[in-house]
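# here is the input, now give the coordinates:
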Amino acid sequence: MKIFVTGADGLLGSHVVRKLLARNYSVCVFIQPGRNTSTLDGLNIERSNGDISDYPRLKNAVAGCDGIIHIAAVTSVWPAKDPIYKKINVDGVANIINAALAHNVKKVVHIGSAAAFGYGSKENPGTELSPFRSAKYGIDYITTKKQGQDLVLEAVKKRGLPAVVACPTFMVGPYDCQPSSGAMLLAVAKKQLTSYSRGGRNWIAASDVAEGICNALEKGRIGECYIMGNKNLSYKEAFALIAKTIQVKPPRILVPDFLVKSIGLFGSLYSAFSGNNPKISLPIARASCDGHYFSAAKAVEELDLPQTSLEIAVSDTVSWFREHGYLE
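Below is the predicted model of the structure:
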């Protein structure tokens, strides 16, 4: 089978492509012009250039493919509001749906986000049945990922789209060349992070998510969503684990919620006047005070989602950063 992959050059996509090749799939990647694709160097893949907002080019590229794994998205959280989020995360998803139906693609795995469901506590974590809660932060990335996911599920019901939705939590792993989530690990490794907020999140190795996505392609139930996560950790616990794994001192200062939000407000105001991205904005500050905890029990049971220890995931990630000059 030939699988069409968008967002193949990112953290998750780089893992997915390798997992597909290891299973002897033929892989066609759809790359936005001008992107850094060094994480795909040396791989036996077919490449086509284009943007998912360009439907004619996308439709042409999908021709001849048996499956689609749609990863491409605008994942930044600043600015919190911008038309680009809807253009890619909603309208781009609509284009993927139409291209898949036009070519009678056998299976689509759409990469959503666990944030499209309601988060819970460690004792009662969020599941695929938990109502969406994160609209309150006013972050377009989160709301548009939810809208794109809803488009896919609607197309399954009304148009017969053979799709499954995979919803990762917070991923860490090699090939994070931007870096994205790895920026947090780098900050701990470089001793740039001295404090933490009260909140937390669910963490998982990117390679485990990629494995779960390939399993979803092969045996995921049409119309189902699968939260792909592993361990629920507060930021204090996560930073302590990261620091212990790479043998540095962890951040030790708990910043109270009101101060976190005040710093975020200052960051947003500073950015509005300077035009520079803030280290922390008010929407992100508000989100960081909550515990975004989820259960991946459904994906573990139905998709055999691996649960690699975070110590191994962190060690592998930091080793990759060192090898590629991020920690000189």
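# what's the top helix by length along the chain packed up against?
As assigned by DSSP state H, the longest helix anywhere in the chain is helix 140-159. For helix 140-159, the contact count by 3 or more CB pairs under 8 Å, 6 or more residues apart in numbering; DSSP states H and E identifies helix 83-86, helix 92-102, strand 107-111, strand 163-168 as packing neighbours. From N, CA and C alone the C-beta is placed, and that goes for glycine too.
# quick one, which of those is nearest to G67?
The closest of the helices and strands packed on helix 140-159 to G67 is strand 107-111. By CB to CB, the value is 4.6 Å.
# quick one: that closest one to strand 163-168, angle?
Strand 107-111 and strand 163-168 are oriented at 30 degrees to each other (axes from the mean of the first three to the mean of the last three CA atoms, to 10 degrees).
# just checking: what are the partner strands of strand 107-111?
Using DSSP bridges, strand 107-111 pairs in its sheet with strand 67-70 (parallel), strand 163-168 (parallel).
# quick one: average pLDDT of the longest one?
Taken as a whole, strand 163-168 carries a mean pLDDT of 98.
# and the strands in the chain?
2-6, 26-31, 46-49, 67-70, 107-111, 163-168, 170-172, 195-196, 200-205, 225-228, 231-234, 253-254, 291-292 (DSSP state E).
# with mean neighbour count and distance to A243 added, can I get the ones you listed in JSON lines?
Putting the strands of the chain into JSON lines (neighbours: other CB atoms under 10 Å; distance: least, CB to CB, whole Å) gives the following:
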{"stretch": "strand 2-6", "mean neighbour count": "23", "distance to A243": "35"}
{"stretch": "strand 26-31", "mean neighbour count": "22", "distance to A243": "36"}
{"stretch": "strand 46-49", "mean neighbour count": "14", "distance to A243": "39"}
{"stretch": "strand 67-70", "mean neighbour count": "26", "distance to A243": "34"}
{"stretch": "strand 107-111", "mean neighbour count": "25", "distance to A243": "30"}
{"stretch": "strand 163-168", "mean neighbour count": "26", "distance to A243": "24"}
{"stretch": "strand 170-172", "mean neighbour count": "23", "distance to A243": "14"}
{"stretch": "strand 195-196", "mean neighbour count": "18", "distance to A243": "11"}
{"stretch": "strand 200-205", "mean neighbour count": "24", "distance to A243": "14"}
{"stretch": "strand 225-228", "mean neighbour count": "28", "distance to A243": "26"}
{"stretch": "strand 231-234", "mean neighbour count": "20", "distance to A243": "13"}
{"stretch": "strand 253-254", "mean neighbour count": "11", "distance to A243": "14"}
{"stretch": "strand 291-292", "mean neighbour count": "20", "distance to A243": "20"}
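# returning to that earlier point: okay if I get the strands paired with strand 107-111 as a markdown table plus distance to Y293?
As requested, these are exported to a markdown table (distance: least, CB to CB, whole Å):
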| stretch | distance to Y293 |
| --- | --- |
| strand 67-70 | 26 |
| strand 163-168 | 14 |
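# which one of these lies closest to A116?
Judged by CB to CB, the one of the strands paired with strand 107-111 that comes nearest to A116 is strand 163-168, at 6.3 Å.
# related to what we said a few turns ago, distance to I246 added to the strands of the chain, as CSV?
As requested, the strands of the chain are arranged in CSV below (distance: least, CB to CB, whole Å):
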stretch, distance to I246
strand 2-6, 31
strand 26-31, 32
strand 46-49, 35
strand 67-70, 31
strand 107-111, 28
strand 163-168, 23
strand 170-172, 12
strand 195-196, 16
strand 200-205, 15
strand 225-228, 25
strand 231-234, 16
strand 253-254, 20
strand 291-292, 24
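# Y326 is nearest to which of those?
Closest approach to Y326 among the strands of the chain (CB to CB): strand 170-172, 13.6 Å.
# and that closest one, what does it pack onto?
Against strand 170-172 (3+ CB pairs under 8 Å, 6+ apart) you get strand 200-205, helix 206-219, helix 310-323.
# want to throw those into TSV with mean pLDDT and distance to D140?
Below are those laid out as TSV (pLDDT from 0 to 100; distance: least, CB to CB, whole Å):
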stretch	mean pLDDT	distance to D140
strand 200-205	98	19
helix 206-219	98	23
helix 310-323	96	27
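# using a markdown table, lay out the ones you listed together with distance to D304.
What follows is those, written out as a markdown table (distance: least, CB to CB, whole Å):
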| stretch | distance to D304 |
| --- | --- |
| strand 200-205 | 14 |
| helix 206-219 | 6 |
| helix 310-323 | 18 |
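# ok, which of these comes nearest A166?
helix 206-219 (5.1 Å).
# for the strands paired with strand 107-111, which one sits closest to S14?
Using CB to CB, the nearest of these to S14 is strand 67-70, at 12.5 Å.
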